[in-house]
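[1] Structure, please.
(2 chains)
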Amino acid sequence: MEKVLMKGNEAIAEAAINARCLHFFGYPITPQTEIAAYMSRRLPKLGGVYLQAESEIASINMVLGAAAAGARIMTSSSSPGISLMSEGISYIAGCDLPCVIVNIQRGGPGLGGIQPSQADYFQATRSSGHGDFHSIVLAPNSVQEMADLTGVAFDLADKYRMPAMILGDGILGQMMEPVTLDGIGEPVTYDKPWATTGTRGAREHNIINSLILKPEGLEQSNFKRFERYAIIKREEQLHEEYLTDDADIIIAAYGAASRVSKNAIKMVRERGIKAGLIRPITLWPFPAEAFAKFADRVKGFISVEMSMGQLIDDVKLSTGQKRPVTLCARTGGMVHTPEEIAKKIMAADKGEWQ
Amino acid sequence: MSVIENQSIDGETDVIENSEWAATSKFVFTKPHSLVDVPTHYCPGCTHGIIHRLVAEALDELNICGRTVGIAPVGCAVMAYDYFACDMIEAAHGRAPAVATGVKRTLPDNIVFTYQGDGDLAAIGTAETVHAALRGERITVVFVNNAIYGMTGGQMAPTTLPGQVTQTTPYGRSTETAGFPIKVCEMLATIDGTYYAERVSVDCVKNIRAAKKAVKKAFEYQVRGKGFNIVEILSTCPTNWGLSPQKACNWLSDNMIPYFPLGVYKDKGKADE
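    Residues are numbered from 1 along each chain as shown, chains lettered A, B, ... in the order given. Alright, predicted model coming up:
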């Protein structure tokens, strides 16, 4: 398998094309613009469409239109842009349309900064818009995973007819690593009899809609969507474990923070402290079972995140607070050093959980 | 022998059985095939019904209903998806031109139209409208301007006339504090990407006939691969204007047409001929 050196953002773009996504609508924002630039170079040559919209609001609604028309479709943005897309993401979820949304997170709130962050965890995993809904959220931690999970995102979006989000950060988007697309294989294709492609006089008209004025009807519609979510929670949880077999202390970390955490674990293991890592790969559905099985076995958990205590909520919920769960946070575009994480682990090992 | 069913006003079905009648007669007025045979939710006297019919007649006459995708707005026409027989999408408020862009760029051989009110198109969705025009999107926009927000109960619209009383301009629209009405056709005519922009009205039979021609033209151009096409239709809102249907038509003639003059603001098709 031939490996090429690519930026994380470029790997996402190439993997999307590999998944037969030939339409892309977006709006420039740092640090994800390479995705749009890559698509603008490649898609016209493949007979596809690259279109730079007038705003993130327009681009997500173009995504809605293309998804309704049956296309595999992706857009990408970064934190403030995702906030602008929130309305559209809610409509896409309410219309039961599949699409892939990439969020290469930067520091916030407000205009914030352009350095890497994980502060959109709540926005991504609770619901990135109004109303009762979820998006599938995938969190890569390498350039190879940026590519691999993009294929997974398209597949899950089509399978469950819902938005899927790649939640990365500025480090993963900008860094270069060797990557191969050879192992991904042919994309699965799904029939879309619900798509608005024209009746051709051969069927009743299809309607893509999220308006249900009768509360009984809207409740039933939401119930049905949450039945699908229950299946996803049961069947689609993904995570990686690192040195957990004998671990006394478990670190929870995803994305870029998980890479620094692995270095910290190596450092403390040299001093005889048994630390391990559970890395959620799906943030929604959260790999709750992976954490739950350690709740009776370990001294406690440390949530290492580039946000002020967001991932930690899911760690607490999935472990039933049977053991202490403490926070190791950087924010605003600052990234942990392995040393500060190691210090936190060593303190916890002595019983200091603050 | 033929059986003809007519739905009368009280819901009873009259069945006419007369082979001789059927052999020597033909329908001169029927519901367009591009309209679904269901009652609409529009208020009595509202001109949305006329405009729906004009759009449906255009789809029928051009024989394009089967390859058309319509985009409904948020506003009084929010449930237009139940009324047009083509495939339909219900967009977020103001975003119909962006949704239409997504559909048209995915299915370039399909016919795509939006049906939008003044708040949807000219307030919250101004950016989407202007940029769809700038890109010369090969779509047809049916823009219903009735100078008020109807669905939410009669608030000021971007096209509310100076001095016009609404729920949120109880002393009349002051241009000092609430600004001026937006003239959409005039604005879009300045945009190079606009192919066709015409303002028409449905206040009287003569104007309805002209409106029909304009709506059909706006679809014909798209069939020929041309765009951006917009027809602005001055429309009444008897309920929120607080007028009878006829008086509402008169109010439109007397007040709206002087501020929003009817006519062709841009027609590249004419230049191309």
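[2] Does A:Ile232 touch A:Ile136 like I think?
    Yes - counting by CB atoms under 8 Å, A:Ile232 touches A:Ile136, with 6.8 Å between them. C-beta here means a position set from N, CA and C on the backbone, and glycine is covered the same way.
[3] any idea where the helices of chain A begin and end?
    With DSSP state H as the criterion, chain A has helices at A:8-18, A:33-42, A:56-68, A:79-94, A:121-125, A:143-160, A:170-174, A:215-235, A:255-269, A:288-292, A:311-319, A:338-349.
[4] what's the fourth one packed up against?
    Looking back up the chat, that one is helix A:79-94. helix A:56-68, strand A:73-77, strand A:99-105, helix A:121-125, strand A:163-169 (3 or more CB pairs under 8 Å, 6 or more residues apart in numbering or on different chains; DSSP states H and E).
[5] quick one: which of the helices of chain A is nearest B:Asn255?
    helix A:56-68 (33.5 Å; CB to CB).
[6] Close to chain B: what parts of the stretch 101-250 of chain A are there?
    Within the stretch 101-250 of chain A, the positions lying close to chain B (CB under 8 Å from any CB of the partner chain) are A:196-202, A:205-211.
[7] Could you export these to CSV, including columns for pLDDT and neighbour count?
    As requested, these are exported to CSV (pLDDT from 0 to 100; neighbours: other CB atoms under 10 Å in any protein chain shown):
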residue, pLDDT, neighbour count
A:Thr196, 98, 28
A:Thr197, 98, 19
A:Gly198, 98, 24
A:Thr199, 98, 18
A:Arg200, 97, 10
A:Gly201, 95, 11
A:Ala202, 96, 7
A:His205, 98, 21
A:Asn206, 98, 21
A:Ile207, 98, 19
A:Ile208, 98, 29
A:Asn209, 98, 20
A:Ser210, 98, 20
A:Leu211, 98, 15
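[8] In stretch A:224-232, which residues are buried?
    By 16 or more other CB atoms under 10 Å in any protein chain shown, the buried positions in stretch A:224-232 come out as A:225, A:229, A:232.
[9] Save those as a markdown table, and put in pLDDT too.
    Formatted as a markdown table, those follow (pLDDT from 0 to 100):
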| residue | pLDDT |
| --- | --- |
| A:Arg225 | 98 |
| A:Tyr229 | 98 |
| A:Ile232 | 98 |
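[10] Low-confidence stretches in chain B?
    Residues of chain B that meet the criterion pLDDT under 70 lie in B:1-19.
[11] can you rerun that using 90?
    Within chain B, the stretches with pLDDT under 90 are B:1-29, B:271-273.
[12] Walking through it, point out its strands one by one.
    Secondary structure of chain B (DSSP state E): strands located at B:3-7, B:13-17, B:68-72, B:87-90, B:111-117, B:140-145, B:196-201, B:229-234, B:263-267.
[13] Minimum distance to chain A: which of those has it?
    Closest to chain A of the strands of chain B, according to CB to the nearest CB: strand B:87-90, at 3.7 Å.
[14] Is chain A within reach of that closest one?
    Yes - Strand B:87-90 lies within reach of chain A by CB under 8 Å from any CB, at B:87-90.
[15] thought A:Met85 was touching A:Ile101?
    Yes - using CB under 8 Å, A:Met85 is in contact with A:Ile101, at 6.9 Å.
[16] what is in contact with the two at once?
    Counting by CB atoms under 8 Å, 6 or more residues apart in numbering or on different chains, the residues touching both A:Met85 and A:Ile101 are A:60, A:75, A:77.
[17] distance of the spatially closest residue to the first one that is not a sequence neighbour from B:Tyr115?
    Put plainly, it is A:Ile60. Computed as CB to CB, 6 or more residues apart in numbering or on different chains, the closest residue to A:Ile60 that is not its neighbour in sequence is A:Gly88, at 3.2 Å. Taking CB to CB, to the nearest Å as the measure, A:Gly88 falls 20 Å from B:Tyr115.
[18] Which residue does the stretch 151-273 of chain B have closest to chain A?
    For the stretch 151-273 of chain B, CB to the nearest CB, closest residue to chain A: B:Met151, 11.8 Å.
[19] Report the contact partners of that residue.
    Contacts of B:Met151 by CB under 8 Å, 6+ apart are B:74-76, B:78, B:117.
[20] who wins for neighbours among those?
    B:Gly117 (30 neighbours; other CB atoms under 10 Å in any protein chain shown).
[21] That one and B:Thr140, how far apart?
    16 Å.
[22] got it, and A:Met146?
    40 Å.
[23] now swap in A:Cys99 and tell me
    Distance, A:Cys99 to B:Thr140, using CB to CB: 25 Å.
[24] same deal with B:Thr166?
    Distance from B:Thr166 to B:Thr140, by CB to CB: 29 Å.
[25] More neighbours: those two, which one.
    Taking other CB under 10 Å, B:Thr166 and B:Thr140 do not tie; B:Thr140 has more neighbours (30 against 21).
[26] Show me the shaky parts of chain A.
    Using pLDDT under 90, chain A drops low at A:1-2, A:127-128, A:181-188, A:321, A:354.
[27] which residues in chain B form helices?
    Counting by DSSP H, one finds helices in chain B at the ranges B:19-24, B:48-61, B:96-106, B:118-119, B:126-134, B:175-178, B:184-189, B:205-223, B:238-241, B:245-251, B:257-259, B:268-272.
[28] Including mean neighbour count, could those go into a markdown table?
    As requested, those are exported to a markdown table (neighbours: other CB atoms under 10 Å in any protein chain shown):
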| stretch | mean neighbour count |
| --- | --- |
| helix B:19-24 | 10 |
| helix B:48-61 | 22 |
| helix B:96-106 | 30 |
| helix B:118-119 | 26 |
| helix B:126-134 | 22 |
| helix B:175-178 | 11 |
| helix B:184-189 | 20 |
| helix B:205-223 | 19 |
| helix B:238-241 | 21 |
| helix B:245-251 | 17 |
| helix B:257-259 | 13 |
| helix B:268-272 | 12 |
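[29] Next, format those helices as JSON lines and append distance to chain A.
    Compiled in JSON lines, the helices of chain B are given as follows (distance: least, CB to the nearest CB, whole Å):
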{"stretch": "helix B:19-24", "distance to chain A": "25"}
{"stretch": "helix B:48-61", "distance to chain A": "11"}
{"stretch": "helix B:96-106", "distance to chain A": "2"}
{"stretch": "helix B:118-119", "distance to chain A": "16"}
{"stretch": "helix B:126-134", "distance to chain A": "4"}
{"stretch": "helix B:175-178", "distance to chain A": "24"}
{"stretch": "helix B:184-189", "distance to chain A": "15"}
{"stretch": "helix B:205-223", "distance to chain A": "13"}
{"stretch": "helix B:238-241", "distance to chain A": "19"}
{"stretch": "helix B:245-251", "distance to chain A": "26"}
{"stretch": "helix B:257-259", "distance to chain A": "28"}
{"stretch": "helix B:268-272", "distance to chain A": "22"}
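[30] List the residues that contact B:Leu161.
    Neighbouring residues of B:Leu161 by CB under 8 Å, 6+ apart: B:147, B:173, B:181, B:255-256, B:259.
[31] give me that answer again for 10 Å
    Residues in contact with B:Leu161 (CB atoms under 10 Å, 6 or more residues apart in numbering or on different chains) are B:147-148, B:169, B:172-173, B:175, B:180-181, B:251, B:255-256, B:258-260.
[32] Same check on A:Phe286?
    A:125, A:137, A:233, A:237, A:239, A:280, A:311, A:313-315, A:317-318.
[33] Emit the PyMOL select command for whichever of those residues are buried.
    The PyMOL selection below is limited to those of these classed as buried (16+ other CB under 10 Å):
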select buried, chain A and resi 125+137+233+237+239+280+311+313+314+315+318
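[34] Closest one to A:Gly183 out of the contacts of A:Phe286, please.
    Nearest to A:Gly183, judged by CB to CB, of the contacts of A:Phe286 is A:His239 at 19.9 Å.
[35] which one is the closest one nearest to, not counting chain neighbours?
    Using CB to CB, 6+ apart, the closest residue to A:His239 is A:Pro287 (3.8 Å).
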